[in-house]
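S.K.: here is my input, please return the structure:
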Amino acid sequence: MNYPNTLKNLIDSFKKLPGIGEKTAERLAFSMLNFKDEDIDVFSKSIKDVKEKIKKCNICSNLTEDDICLICSDNNRENDILCVVEDTKGLMLFEKIGFFKGKYHILDGLISPLNGINPEDLNIDRLLKRVEQEKIKEVIIAVKPTIEGETTALYILKILEGLEVVVSKLAHGVPIGADMEYLDPMTLEMAMFDRKKISE
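M.R.: Modelled structure (predicted):
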């Protein structure tokens, strides 16, 4: 069907989003025709703002509008426990559940030589500096239990060797190969509380 160019462009834009196919993109585009002008203004401004204002926290790499994210600047959190996650989505999983009161460190990926991702491509050096400078007592590795996740956990254990810090990881209540994003809150909470110290 030959849509007007403006509508076709909107449909094509929606199709660039993950999980959005032709029919869903059409449905979203047509629904926007019924939006009030002020809603369209807010929607378009939100898209522009998220691109222009969102940046990474200078400390943990969480998404923020400021130099330091809300979690890192929260004085009520435990400053000597770090939960190491793969990305911001992993951090948000624990925050939504609300039981973890420490702070976070985002790696921005996992070690995967086959995909050209090496330790120096991740925020591992910054993690080492934080452990030393912030007098961290425990580092909890909370990444997905895949080959890449296990490789990353063992590498972190190796670089923290000799420092006075306990390195633990989520208990195996988290199934091997599971995507952290799809774990139910109870499984994630139990895995956190039953975490184990990593040994080589």
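
S.K.: what's in contact with the helix or strand containing residue 151?
M.R.: According to DSSP states H and E, residue 151 maps onto helix 147-159. Applying C-beta atoms under 8 Å, 6 or more residues apart in numbering, the contact partners of helix 147-159 are 84, 86, 107, 110-112, 119, 122, 124, 127-128, 139, 141, 143, 167, 169, 198, 200. Every C-beta, even on glycine, is put in place using the N, C-alpha and C of the backbone.

S.K.: among these, which ones are in helices?
M.R.: Mapping the contacts of helix 147-159 onto helices (DSSP state H) picks out 124, 127-128.

S.K.: which ChimeraX command selects the buried ones in the residues you listed?
M.R.: Buried residues among the ones in helices among the contacts of helix 147-159 (16 or more other C-beta atoms under 10 Å), as a ChimeraX selection:
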select :124,127
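
S.K.: now the ones in helices among the contacts of helix 147-159 as a markdown table including pLDDT and distance to residue 179?
M.R.: Below are the ones in helices among the contacts of helix 147-159 laid out as a markdown table (pLDDT from 0 to 100; distance: C-beta to C-beta, whole Å):
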| residue | pLDDT | distance to residue 179 |
| --- | --- | --- |
| 124 | 95 | 22 |
| 127 | 96 | 23 |
| 128 | 95 | 27 |
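
S.K.: okay, the ones in helices among the contacts of helix 147-159 in a markdown table with distance to residue 41 next?
M.R.: Putting the ones in helices among the contacts of helix 147-159 into a markdown table (distance: C-beta to C-beta, whole Å) gives the following:
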| residue | distance to residue 41 |
| --- | --- |
| 124 | 42 |
| 127 | 41 |
| 128 | 46 |
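
S.K.: what's the mean pLDDT across the helix holding residue 151?
M.R.: What helix 147-159 shows for mean pLDDT is 92.

S.K.: just the buried positions in that helix, please.
M.R.: Within helix 147-159, the residues that qualify as buried are 148-157, counting by 16+ other C-beta under 10 Å.

S.K.: residues near residue 14, how many?
M.R.: Residue 14 has 18 neighbouring residues, counting by other C-beta atoms under 10 Å.

S.K.: and what of residue 28?
M.R.: Counted by other C-beta under 10 Å, the residues lying close to residue 28 total 16.

S.K.: find the nearest non-adjacent residue to it, please.
M.R.: residue 14 (4.9 Å; C-beta to C-beta, 6 or more residues apart in numbering).
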